[in-house]
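Enquirer: sequence first, then the predicted structure, then my questions.
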Amino acid sequence: MAEIEVEEKQLMTKIAKIIDEIRTSFATHNRKLKELRAVRSKCPSAAQFFSAFSKTLIPLFGAQRRTALAERVVRFVSAFAVNNNDGFLEDFFKFLLVGAVAANKTARFRACQIISEIIMRLPDDTEVSDEVLDEVIACMKVRVGDKVPVIRTFAIRSLSRFVNDSDNSDILYLFLELLPLEQNAEVRKAIVLSLPPSNATSKAIVSCTLDVSESVRKAAYLVLANKFPLQSLSIKLRALILQRGLADRSEAVSKECLKLLKDHWLAKSCNGNPVELLKYLDVETYELVGESVMQVLLRADLVKVSDGESIREYISSAGDETEGDSSHDNQRIKLMEPEVALYWRSLCRHLQVEAQAKGSDAAATLGTEAAVYAAEASDKHDLLERILPDQIIALHLGSYLLLGEMLDFSDSTIRKVASAFVQDLLHRPLEYEVVEDGNKFVIGDGINLGGDKDWANAVSRLARNVHAAAGEFEEVIFEVVKELAQPCRERTADFMQWMHCLAVTGLLLENTKSFHLVQGKATEFAELLKSLLLPGAKHVHLDVQRVAVRCLGLFGILENKPSEELVKQLRLSFAKALPTISIMACKALFDLGMWHGLPEVDKAIGQDLSFQPQADKMTFTPINLSETDGDLNIELHDLLYSGLETSDWGKSLEGDETESIQAVLGEGFAKILLLSEKYPSIPAALHHLILAKLINLYFSNESKDLQRLKQCLSIFFEHYASLSANHKKCLSEAFVPVMHSMWPGIYGNAGGSSIVVSNKRKRAVQASKFMLQMMQAPLYAKEKEVEGENGSRETSETLDSKEPSLQCGEEGLAIRIASEVLSFHMKKTPAERSYVSALCRILVLLHFRLSEQGTIKLMRKLLSRVFESVSAEKDLVKELKEMAERLKGLERHPDEELSQDEANNIFGSLGIDFNLDASAPAAVPQTPAPCSTRPTRSRRRVKREQTSSDEEDSHTSIQSMVPNIPGPTSTRSQRASKTAAMTKMTAKTDRIRIEEDDEVESSESEVTSDDDSDQFSE
């Protein structure tokens, strides 16, 4: 036996020496692998070598840090195991599997790491028994749910080798199930890199292009490039991939997407042809994606125009093709495919911009540099002239509408033909489809000309280029409006004609700066309101009402003062119409209020609104929109705020998730609060009510699908508190009302099941932390113009040296929270206890300035009473005591007492009605002394006899080789831990049994001291 132990120690020494030598560099691994194989071949028994080898590796399982030395050992050991497949690999797997389920996380980590390394290195022809391999796969499936992220990562890496096997199809479903639930970014990245190409995984990988982690997004584009050919993806997924990747905020991710676009999709799938690439993207549906792709390719200089390639290819003579109109100088133009049209449009626009930029650079420089820039600009101009036709494009501008900005209309002939074409575009009716019941269904948004905002803007830009003289554009469009409005005035037009006329009217109103630009037409514009817009807002067809209300808002902005009929109709449409129309009316009312001012809009309806002084108004007037006719003696901000109070707007919406009335109202009030100094008509006392409503709206469960609203409010909250100290005052005043309205079970708020209540409390706590973060955000520096030494005006940023007042600081918020906590009685409901606890957890996070000595003294007195409200929560009491100690250290004159008048002045400045006895001491309750415990007798334990078995000694168990890594030890002894446990038990017993005989109590303590305490320790 002794000889075997000596041989094993010598063998372990040889193995340890080899492993120690390979830790320095990877370069020695091949040579040392041969040496280790030679040692194994000389060993008389394979079991003896495996025993020595596994025991030598035990220290590796205790190394917690992932150092370079340990990583080299892992790779060396894995390479040796892969190259020895004569039973050694299976035994090594069994050894590692025991370590993979160990209680110690370091042992599990090293075992899973070595297993993953072996599996990734394992050749396909290596023979491993199915039983062992099944055990490895089953163990790694369990480790995928490990609480340590790095262990989950290596487990996923191990399973990725088998994800394509038909026998292990459940691995793929496991990955797809874990991916959206995984919290760690590295683990998500490992899952994405392990997914195989298939229809099921493509959507999951594309969804990861929106991951919050940059590394996960980059990995997603890497997998899409290497595993998914362009043809295997749907058009929608192709567009999403490029739309997200090219616009990603991370430069590394956008570069990875560009590499996917250039090296794989363009070069491999399309042979470098941009037009072929655009055909795969369906640019008719995803036009913006196609434009962004062309811009990227043009900036990367990947689009080359060959000699003879131009738009002239699509122009043929009548002799070549006899079809078509022979009136166009025997020339006709072939219809371009959408991809070709987008290609030439993007190319021409790029050449024009580049030529202008090079020309500007040439004008701004001198000498050789200017000559180089001028030559480059000339080359761009020559290429653009070669691509574009001369005059034919003016005759057939229909296919080239968006190229109109690049043309020169100084030639009268071209301008005349282009003007006729503009007239044709304006008179072209809206497109529609006839459904089964015979009704017409408008194609497009039903608001803009042509049913598309971009198309309407293109027509407007072309018309302005053609009719460039002052007032000419407005006059031409207005004549078209009068012509289209004639059947509407005569009430002979159907709803399609109404919508077409109002679309052209909206185009005119949207692109006109003033009615006075149209000489002699101001009265006709006023007549347009009464004869077209107001009747359209009362039309029986809902789509006509929606377009007419939009035009009313545009018309009101152009007026010097909003007219009475217009404002009344907008108020009525907001209060009484269906949600789609109310949205338009709400936008129009906000635009009028921000452009003309809210008082000016209120004066327009002819109502006397001076009965309530604005400075004394402390709350909004409650309004029931279902009962109002939109013409009551109410102010505009009261009417709009009532929309936020109304909860049943969304019931009538037809699945429109992008826009709702709450979203429009929230966005409008956010603009007013952000620019509150420019809108003094809304009393400052109402600002915190609006802010509280916006915070409620942001965190409400009903608005989770309103992405536009969430994005708008997130940007608003990010900047609101840092713009002004008054905004922090408003936020401080809104804190308690927000918590009032959000916490379930108090102040009449609805409760619900335990899950519902828990979710509501989580949202309220999240909102409170969000408001605290805004309160503690620093103020932005203000820009000021300073005159420089040479007389020039320079802009510098300076911070306001004046400290914010008590109302604007964290001290004021602390007083408000403490007063709210003390407003509850000592006997509280469970909802009130949780509410008070949540408030106190925010209270301990607030900071006090040294200059606010009076507030510090007042807060110390309030804290002495706050302790009593949360005395049952020991951890919270501890945090409150630490806060009290901090406040005590900030006091400059601890001997001076706070007078009652000073306390009342502080409460009054904050608008808090609270009675506090200032003469009461600011005492912090002392922590009760721990109960004394009797020393327990030592317990005798029976010493068990040591037994040995010849069968156990005959072979070495694999499990005995697994390292037993000790966990972190406690500083207390085992007996001290038992004593502490018994102290807690006896303390609980004392609280329940108030009167007990001393004799019984002492006897019970003796009984439990030995038996029960040992039971807890085991």
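Expert: Good, I have the coordinates. Numbering: from 1, shown residues only.

Enquirer: checking the residue lying closest to residue 289 once chain neighbours are set aside next. Helix, strand or coil?
Expert: Excluding its sequence neighbours, the residue lying closest to residue 289 (C-beta to C-beta, 6 or more residues apart in numbering) is residue 239, at 4.7 Å. For every residue, glycine as well, the C-beta is placed using N, CA and C. Three-state call for residue 239 (DSSP: H, G, I helix; E, B strand; the rest coil): helix.

Enquirer: quick one: contacts for residue 239?
Expert: Contacts for residue 239 (C-beta atoms under 8 Å, 6 or more residues apart in numbering) come out as 281, 282, 285, 286, 289.

Enquirer: buried among these? Make that a ChimeraX selection.
Expert: One line in ChimeraX is enough to select the buried ones among the contacts of residue 239; burial here means 16 or more other C-beta atoms under 10 Å:
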select :281,282,286,289
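
Enquirer: now render the contacts of residue 239 as TSV, adding secondary structure and distance to residue 21.
Expert: What follows is these, written out as TSV (DSSP: H, G, I helix; E, B strand; the rest coil; distance: C-beta to C-beta, whole Å):
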residue	secondary structure	distance to residue 21
281	coil	57
282	coil	61
285	coil	63
286	coil	60
289	helix	57
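
Enquirer: residue 339: which of the contacts of residue 239 is nearest?
Expert: residue 281 (8.1 Å; C-beta to C-beta).

Enquirer: and the helix or strand that contains residue 733, how far out from the chain middle?
Expert: According to DSSP states H and E, residue 733 maps onto helix 725-742. Here the centre of helix 725-742 is set off from its chain's centre by 24 Å, with C-alpha atoms, centre = their mean, to the nearest Å.

Enquirer: same deal with stretch 411-419?
Expert: On C-alpha atoms, centre = their mean, the centre of stretch 411-419 falls 50 Å from the chain's centre.

Enquirer: kindly report the same for stretch 480-498.
Expert: 46 Å.

Enquirer: quick one: contacts of it?
Expert: 423, 426-427, 429-430, 432, 440, 442, 500-501, 504-505, 508, 524, 528, 531-532, 535-536, 539, 541, 543-544, 547.

Enquirer: let's see 6 Å
Expert: Residues outside stretch 480-498 that contact it (C-beta atoms under 6 Å, 6 or more residues apart in numbering) are 426, 501, 504, 505, 508, 531, 532, 541, 544.

Enquirer: list the buried residues for it?
Expert: Neighbour-count burial for stretch 480-498 [16+ other C-beta under 10 Å]: 480, 481, 482, 484, 485, 488, 493, 496, 497, 498.

Enquirer: would you reformat those as a markdown table and include secondary structure and pLDDT?
Expert: Shown next, in a markdown table, are the buried residues of stretch 480-498 (DSSP: H, G, I helix; E, B strand; the rest coil; pLDDT from 0 to 100):
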| residue | secondary structure | pLDDT |
| --- | --- | --- |
| 480 | helix | 92 |
| 481 | helix | 92 |
| 482 | helix | 91 |
| 484 | helix | 93 |
| 485 | helix | 92 |
| 488 | helix | 91 |
| 493 | coil | 91 |
| 496 | helix | 91 |
| 497 | helix | 92 |
| 498 | helix | 93 |
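
Enquirer: from those, pick the one nearest residue 452.
Expert: Distances from residue 452 to these, taken by C-beta to C-beta, are shortest for residue 496, at 16.6 Å.

Enquirer: looking at the residue nearest to residue 289 now. What's its pLDDT?
Expert: The score at residue 239 is 92. That number is its pLDDT.

Enquirer: what's the answer for the one 10 residues further on, then?
Expert: Residue 249 is assigned 88 on the pLDDT scale.

Enquirer: could you do residue 1017 as well?
Expert: 36.

Enquirer: going forward, begin numbering at 475 instead of 1
Expert: Got it, the first residue is 475 from now on, which makes the last one we talked about residue 1491.

Enquirer: quickly note the distance from residue 1137 to residue 1185.
Expert: Residue 1137 is 10 Å from residue 1185, where distance means C-beta to C-beta, to the nearest Å.

Enquirer: ok, now which ones touch residue 1222?
Expert: Contacts of residue 1222 (C-beta under 6 Å, 6+ apart): none.

Enquirer: tell me the SS of it?
Expert: Criterion first, three-state DSSP; result for residue 1222: coil.

Enquirer: so which bits of whichever helix or strand comes after the helix holding residue 1207 are buried?
Expert: Sequence-wise, the next helix or strand downstream of helix 1199-1216 (DSSP H and E) is helix 1228-1250. Within helix 1228-1250, the residues scored as buried using 16+ other C-beta under 10 Å are 1231, 1234, 1235, 1237, 1238, 1239, 1241, 1242, 1245, 1246, 1248, 1249.

Enquirer: for residue 1291, see how far away the third one is.
Expert: In other words, residue 1235. Between residue 1235 and residue 1291 the distance is 17 Å, computed by C-beta to C-beta.

Enquirer: next: residue 704.
Expert: Relative to residue 1291, and taking C-beta to C-beta, residue 704 is found at 58 Å.

Enquirer: so those two - more neighbours on which side?
Expert: More crowded of residue 704 and residue 1291, by other C-beta atoms under 10 Å: residue 1291, with 23 against 18.

Enquirer: what angle do helix 1199-1216 and whichever strand or helix holds the more buried one make with each other?
Expert: Assigned by DSSP H and E, residue 1291 belongs to helix 1284-1296. Interaxial angle, helix 1284-1296 versus helix 1199-1216 (axes from the mean of the first three to the mean of the last three C-alpha atoms, to 10 degrees): 20 degrees.

Enquirer: other SSEs contacting helix 1284-1296?
Expert: Using 3 or more C-beta pairs under 6 Å, 6 or more residues apart in numbering; DSSP states H and E, the elements in contact with helix 1284-1296 are helix 1199-1216, helix 1304-1317, helix 1327-1343.

Enquirer: related to what we said a few turns ago, could I get the buried residues of stretch 954-972 as JSON lines with distance to residue 660?
Expert: Formatted as JSON lines, the buried residues of stretch 954-972 follow (distance: C-beta to C-beta, whole Å):
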{"residue": "954", "distance to residue 660": "62"}
{"residue": "955", "distance to residue 660": "62"}
{"residue": "956", "distance to residue 660": "67"}
{"residue": "958", "distance to residue 660": "62"}
{"residue": "959", "distance to residue 660": "65"}
{"residue": "962", "distance to residue 660": "64"}
{"residue": "967", "distance to residue 660": "64"}
{"residue": "970", "distance to residue 660": "58"}
{"residue": "971", "distance to residue 660": "62"}
{"residue": "972", "distance to residue 660": "59"}
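
Enquirer: looking at these, which is nearest residue 1030?
Expert: Nearest to residue 1030, judged by C-beta to C-beta, of the buried residues of stretch 954-972 is residue 955 at 17.3 Å.

Enquirer: how near is that closest one to residue 691?
Expert: Counting by C-beta to C-beta, the gap from residue 955 to residue 691 is 49 Å.

Enquirer: buried ones in the host helix or strand of residue 820, by neighbour count?
Expert: Element membership for residue 820, per DSSP H and E: helix 812-838. Of the residues in helix 812-838, 813-826, 828-829, 832-833, 835-836 count as buried by neighbour count, 16+ other C-beta under 10 Å.

Enquirer: so for residue 1128, what pLDDT did the model give?
Expert: In this prediction, residue 1128 carries a pLDDT score of 45.
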